[in-house]
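Visitor: this one's structure only:
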């Protein structure tokens, strides 16, 4: 099983790269927009408008690092038609309906980002840092790509779960059953051994341990280690799943989109990873059934992080 896990950790992109995954990224984009109030946080709106103003001496450049489906980059290109928006991604993409001021570069960040050293007015990097081998090196590359006064928009998800009272939920982990191989665990043993711990939180815990770099640190710590960057704001967002939450802005809409993302899109894609990692088909079926039941009936929150910094 260890070899399978290492292969997944070293993969370019851990989840599938098909149309369904691009659809999931579109839903995730909507979730981020609801949480932060748009394409970027409201508190940096004036700075973004100034940096991307048509009155700038040179055409402003916006880099979207790990652009995926291109949905954020497309939206920025349409909102700021005088700016040049560049999407960078390890996975080859075709964008037949891209705005004229958008272009795509297929390649590794180590190779593509240095071409923009000191040129970008804005660098956007969402749900990427924790999945690269060296997150700190990535942040330094993002910083170097920024022009003086440029803005870094850095976001990442988390793999922990909170209950309706905003207390941490204890995950159920199959390895608690006293074996190092999921194929040796009978589904009935799993169900008996859960002892009230969360199957949903356990699944996220498993995927987080499997896909997150061993060198990852909280994004605020990573940015603070980049001398050229100054943190402007760093926030945590709780998003409810299948309920409006308590005191959550746009909570009702977030709850609707999160249940689609977590129950339908994310679970489906991550089952394939679990299979590659050595989970038996029976275990995946049992875990998936309890996962779905919990998010359908429970009141959970997921956690997300968003940071803005200036060079």
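Guide: Arrived safely, thanks for sending. Please read these numbers as outputs of a predicted model, since none were measured by experiment. Numbers count the residues shown, from 1 in each chain.

Visitor: Give me the pLDDT value at the spatially closest residue to residue 194 that is not a sequence neighbour.
Guide: For residue 194, ignoring the flanking residues on the chain, the nearest one in space by C-beta to C-beta, 6 or more residues apart in numbering is residue 172 at 4.8 Å. Just so you know, the C-beta spots here come from the backbone N, C-alpha and C atoms, and that holds for glycine as well. At residue 172, the predicted lDDT confidence score is 88.

Visitor: Likewise for residue 209?
Guide: pLDDT, residue 209: 88.

Visitor: Report the contact partners of it.
Guide: Applying C-beta atoms under 8 Å, 6 or more residues apart in numbering to residue 209 gives the contacts residue 159.

Visitor: Name the SS class of it, please.
Guide: Assigned with DSSP: H, G, I helix; E, B strand; the rest coil, residue 209 falls in the helix class.

Visitor: returning to that earlier point: from residue 257, how far off is the residue nearest to residue 194?
Guide: 26 Å (C-beta to C-beta, to the nearest Å).

Visitor: With residue 103 instead?
Guide: Residue 103 is 29 Å from residue 257, by C-beta to C-beta.

Visitor: quick one, which of these two is more surrounded?
Guide: Neighbours per residue, other C-beta atoms under 10 Å: of residue 103 and residue 257, the larger number sits with residue 257, 19 against 14.

Visitor: Which of the helices or strands spans residue 216?
Guide: For residue 216, there is no host helix or strand (DSSP states H and E).

Visitor: Please apply the same query to residue 125.
Guide: Short version, using DSSP H and E: residue 125 is in strand 120-126.

Visitor: Double-check that residue 149 belongs to a strand.
Guide: Yes - looking at residue 149 with three-state DSSP, it is inside a strand.

Visitor: check contacts around residue 112.
Guide: Counting by C-beta under 8 Å, 6+ apart, residue 112 has contacts 88, 105.

Visitor: now it, what's its secondary structure?
Guide: helix.

Visitor: what's the answer for residue 105, then?
Guide: Per three-state DSSP, residue 105 ends up strand.

Visitor: so it sits right up against residue 85, yeah?
Guide: No - if you go by C-beta atoms under 8 Å, residue 105 and residue 85 don't touch, sitting 11.5 Å apart.

Visitor: got a list of what the residue minimising distance to the centre of the chain touches?
Guide: Most central in the chain under C-alpha atoms, centre = their mean is residue 127, positioned 2.7 Å from the mean C-alpha point. With contact taken as C-beta under 8 Å, 6+ apart, residue 127 is in contact with 28, 66, 155, 156, 157.

Visitor: just residue 100 next, same as before
Guide: Taking C-beta under 8 Å, 6+ apart as the definition, residue 100 has no contacts.

Visitor: What confidence value was assigned to it?
Guide: 96.

Visitor: For it, which three-state class applies?
Guide: Taking three-state DSSP, the label given to residue 100 is coil.

Visitor: Show me where this structure dips below the pLDDT cut-off.
Guide: 1-22, 24, 174-190, 192-193 (pLDDT under 70).

Visitor: host element of the closest residue to residue 232 other than its chain neighbours?
Guide: In space, and not counting its chain neighbours, residue 232 is closest to residue 308: 4.5 Å by C-beta to C-beta, 6+ apart. If you go by DSSP H and E, residue 308 is part of strand 300-310.

Visitor: coming back round to it: shouldn't the residue nearest to residue 194 be in contact with residue 199?
Guide: Yes - using C-beta under 8 Å, residue 172 is in contact with residue 199, at 5.4 Å.

Visitor: returning to that earlier point: so how far is residue 65 from the residue nearest to the centre of the chain?
Guide: On the measure of C-beta to C-beta, residue 127 and residue 65 end up 11 Å apart.

Visitor: Tell me which stretches of the stretch 201-311 of the chain form helices.
Guide: 219-224, 251-259, 267-276, 281-297 (DSSP state H, counting those that start in this stretch).

Visitor: With distance to residue 149 added, can I get these in a markdown table?
Guide: Output for the helices of the stretch 201-311 of the chain, formatted as a markdown table (distance: least, C-beta to C-beta, whole Å):
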| stretch | distance to residue 149 |
| --- | --- |
| helix 219-224 | 16 |
| helix 251-259 | 33 |
| helix 267-276 | 39 |
| helix 281-297 | 43 |
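
Visitor: looking at these, which is closest to residue 32?
Guide: helix 251-259 (10.1 Å; C-beta to C-beta).

Visitor: Looking at residue 105 and residue 85, which is more packed in?
Guide: Higher neighbour count among residue 105 and residue 85: residue 85, with 30 against 15, using other C-beta under 10 Å.

Visitor: so that one touches residue 104, yeah?
Guide: No - if you go by C-beta under 8 Å, residue 85 and residue 104 don't touch, sitting 9.8 Å apart.
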